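Engineer: just a sequence and a predicted model for now, questions to come.
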Number of protein chains: 2
Amino acid sequence: MRKIDLNNFQVATSETVRDINSRIMLNLVRKHQPVSRADLTRYSGLQRSTVSAIAARLIAERWLKEGAVGNLPRGRKPTFLHLNTERCGVVGVDIQPATTTLAVSSMDSQFLAQESMSTEKDPVEFIARLSRRIKDLMRAHPRNSYEGIGISLPGRMDSSSQQLIFAPTLGWSDLDLKTRLEHAIGLPVELENAANACALAELWSGRYMDGVRNLVAVTVSDDIGVGMIMNGQLVRGSTGVAGEFGHVSQMSDGPKCRCGNSGCWEVLASNVAAVRYYAESASVRKGEVGSKSDMAKLPFGDILRLVERGDARACKALNQMAHHLGAGIAMLVTGLAPDVLVVVGEVTRAWDKVGPIVTEAVKRRSFTHAATRILPTDPEAQPRLRGTIALVLQNHFGAPLTA
Amino acid sequence: MRKIDLNNFQVATSETVRDINSRIMLNLVRKHQPVSRADLTRYSGLQRSTVSAIAARLIAERWLKEGAVGNLPRGRKPTFLHLNTERCGVVGVDIQPATTTLAVSSMDSQFLAQESMSTEKDPVEFIARLSRRIKDLMRAHPRNSYEGIGISLPGRMDSSSQQLIFAPTLGWSDLDLKTRLEHAIGLPVELENAANACALAELWSGRYMDGVRNLVAVTVSDDIGVGMIMNGQLVRGSTGVAGEFGHVSQMSDGPKCRCGNSGCWEVLASNVAAVRYYAESASVRKGEVGSKSDMAKLPFGDILRLVERGDARACKALNQMAHHLGAGIAMLVTGLAPDVLVVVGEVTRAWDKVGPIVTEAVKRRSFTHAATRILPTDPEAQPRLRGTIALVLQNHFGAPLTA
DNA sequence: GGATAAAGTTCGAGCCGCGAACAAATTCAT
DNA sequence: ATGAATTTGTTCGCGGCTCGAACTTTATCC
């Protein structure tokens, strides 16, 4: 049961009924397609006449298309309905400190094209260049309509105004990225934190046969971010900053974190932590080639490659990271008890080594009543970018705001 | 934006419109009462005619009552509407390991009567006795109707079946309390974990002038429980076990917890932790009167009394507890960023001493972008019991299930 | 060729909010 | 007093929606 938000509600009119039922139909088609009108009456509980009327409208609005006819042992053959993936396109932009990836996607979240560009320090200059690239991409891939632009970025925005309020790795601050881009391109823009975008991508991925309404995404890179979906809805917290579990202190006498605190989870379990563990083990053991500070600049990818080759020191560093990753994930499983917890980041490439350590730590440390599945994401699948698409599509497939 | 739950949705009919708008009206009256129909058109955006029609129905259904007429500088005088608190009663039951408190309340959450009984080890026997007491209480306080029974208990129930799955301190397990009581009394029963009940109580308390849709309740007694409300809705997690932050390990080499883990938050910051700190300081300092094991049986209330009298050792024990309480609360503030975090329990009686330590710890340890207010509850206000009332009333005031 | 079965359409009834017109109640200027 | 102005609240026809029964269409099987 949800409390009605008296600061942001919508009264119902007669059209609200059709709104609600259309959304339900659209989701039923998404789930069961190809599907006949008759099946939809059974799935929805609506009358046959109502289903026909809604289908007619959704076809007129080009959300649905009629397809082949099916076969049945008896009676008239059904004509199948399915989503009209041609209808609309979505632009997704994944901004990361070094490079920005942009893509156009169809309604079924299939990428039509994808390209990269460098992220710049000057946000105004960057926005100008980005909007040119987006326009070019849209021209190169014409669609009936483009519905919006979803953007994932490593930072936080105010949940109501969508003003960027915190993006340390980009060096931007207090920027109205949303309005600027909307004016430049003329499409609605949705901003979201990268971890939240990943959580959305998983929620809408179709990977979990519905039923998953509580999902946590943990992004592991140079920092650790957490995106939470509870009761089928993104949790943004009071000012949009929920999910900073990466800055929960796990070891009061641990290394200093840039947030000012000590022993934060992300200091112990992020990619840079693994690099540090590797460098430390070097200096302790022997003088060897390369100074300690050189090693501290090693990219995390190199550690993974060393692990693949069986390098003992790299393996140990990765194990340490995995151990701490497990401790933090145990906290999330214990406290949030999601149906699914997905891990995002390069570290999933070594999940055969990391996964067992993590699940063992969770099993050992957490109340076992929660049956949380801990899963790596496919590193090739670009979860952040898929999340930006989901960010726009949820406006069409999510529950309409009522009451 | 919420994802539609295809396993549990409700299609809209023409009556859904009235359902939704009635709920909105009811909440607007609750917020603004006494309030005229004309004001309600302004608050809701509905037409005057629609507001009148809905009001007429709500009056016929006895949810609302017409009251006095107001005064205006010009024009016809408005007749005020307000909630009809006489309409219905609610039964609330707060089960705790030693004693169970039951109460009957009117629709405005005012207690009409309240009494206590001992909690028994045998659940079947207990249910029989409890239902007799409830029936007597209802007979002694006749209302037009009783809407339901809300029950708070120290344990976890499956979120769908409401079967009790875990209640160690009561010694009950796998019990269908809900169905048994429903059959015995003939009223719908709502079960909820005590911490969740406290969170609900605060959400519906009217203490925060709306706007608060993300709220965390931390119950501190012999254990620590956490109830979370995110996006205006209780977070129960996959099988109803979300909120066990009390069993997040804060100190890997800390004391053993009954959950099998070490250094759990509740082992470091609960009432028994304070008692243990007190006992430890005794044994370390001197032989003195009373053995260490005697002191470990001291009730937490005695420690609070000693603190009031200025006992240095008791103060130190309380400080230690407060320090760890702050560390855990910092975790919640950092990770969940609620608008409000309320602390429930005897410890709030010494909040002048504990509060500053907690807020200092949170300020030091957490990302300060979240503007979470950390507040103690009034120990006299019986948050668990108020929560049981909210549990039933939210069925009438919460958003109806649509889509 | 008729019985049976299933898919899909048509159409009137009923619920509901909208919005304009109307009725009621009250103040204020003349 | 009296009428204009103002505000509250009601009445009523319209259009949107789903329901549900009746009907049409398209198939298979005996």
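Structural biologist: Perfect, I can see it now. Numbers count the residues shown, from 1 in each chain, chains lettered A, B, ... in the order given.

Engineer: can I get stretch A:155-174 as CSV, trimmed to CA atoms?
Structural biologist: Backbone C-alpha positions of stretch A:155-174 (Å, rounded to 0.1, in the frame of the first residue of the first chain) are rendered in CSV as follows:
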residue,chain,number,x,y,z
GLY,A,155,27.2,11.8,-10.3
ARG,A,156,24.0,12.9,-8.6
MET,A,157,21.2,15.1,-9.6
ASP,A,158,18.4,16.6,-7.6
SER,A,159,15.5,14.3,-8.1
SER,A,160,12.9,17.0,-8.7
SER,A,161,14.8,19.6,-10.8
GLN,A,162,17.2,17.1,-12.4
GLN,A,163,19.9,19.7,-11.9
LEU,A,164,23.4,18.1,-11.6
ILE,A,165,24.5,18.7,-8.1
PHE,A,166,27.5,16.5,-7.7
ALA,A,167,29.9,14.9,-10.2
PRO,A,168,33.4,15.0,-8.8
THR,A,169,35.0,12.7,-11.5
LEU,A,170,33.7,14.9,-14.3
GLY,A,171,34.6,18.2,-12.6
TRP,A,172,31.2,19.6,-13.4
SER,A,173,28.9,21.1,-10.8
ASP,A,174,25.5,22.9,-10.6
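
Engineer: quick check, it touching chain B?
Structural biologist: Yes - residues of stretch A:155-174 are located near chain B by C-beta under 8 Å from any C-beta of the partner chain, namely A:156, A:165-166. C-beta: built from backbone N, CA, C; applies to glycine.

Engineer: of those - the most surrounded one?
Structural biologist: Among the residues of stretch A:155-174 next to chain B, A:Arg156 has the most neighbours (other C-beta atoms under 10 Å in any protein chain shown), with 28 neighbours.

Engineer: not counting its neighbours along the chain, what's nearest it?
Structural biologist: Computed as C-beta to C-beta, 6 or more residues apart in numbering or on different chains, the closest residue to A:Arg156 that is not its neighbour in sequence is A:Phe166, at 4.3 Å.

Engineer: which helices and strands does the strand or helix carrying the one you found pack with?
Structural biologist: For A:Phe166, the element it lies in under DSSP states H and E is strand A:164-166. Counting contacts by 3 or more C-beta pairs under 8 Å, 6 or more residues apart in numbering or on different chains; DSSP states H and E, strand A:164-166 is packed against strand A:156-157.

Engineer: mind checking the pLDDT average for the strand holding A:Phe166?
Structural biologist: What strand A:164-166 shows for mean pLDDT is 81.

Engineer: so what touches it?
Structural biologist: Strand A:164-166 is touched from outside by A:153, A:155-158, A:172-177, A:191, A:239-241, B:369, with contacts defined as C-beta atoms under 8 Å, 6 or more residues apart in numbering or on different chains.

Engineer: starting at the chain centroid, how far to that strand?
Structural biologist: Distance, stretch centre to chain centre, for strand A:164-166: 19 Å (C-alpha atoms, centre = their mean, to the nearest Å).

Engineer: again with stretch A:247-254
Structural biologist: 27 Å.

Engineer: using CSV, write out every CA atom in it.
Structural biologist: Below are the C-alpha coordinates for stretch A:247-254, written out as CSV (Å, rounded to 0.1, in the frame of the first residue of the first chain):
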residue,chain,number,x,y,z
HIS,A,247,31.0,5.5,1.3
VAL,A,248,29.8,3.4,4.3
SER,A,249,32.8,2.8,6.5
GLN,A,250,33.7,-0.8,6.8
MET,A,251,36.9,-0.5,8.7
SER,A,252,37.3,2.4,11.0
ASP,A,253,41.1,2.3,10.8
GLY,A,254,41.1,1.7,7.0
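
Engineer: now do the SS call for A:Gly148.
Structural biologist: Classification of A:Gly148 using DSSP: H, G, I helix; E, B strand; the rest coil returns strand.
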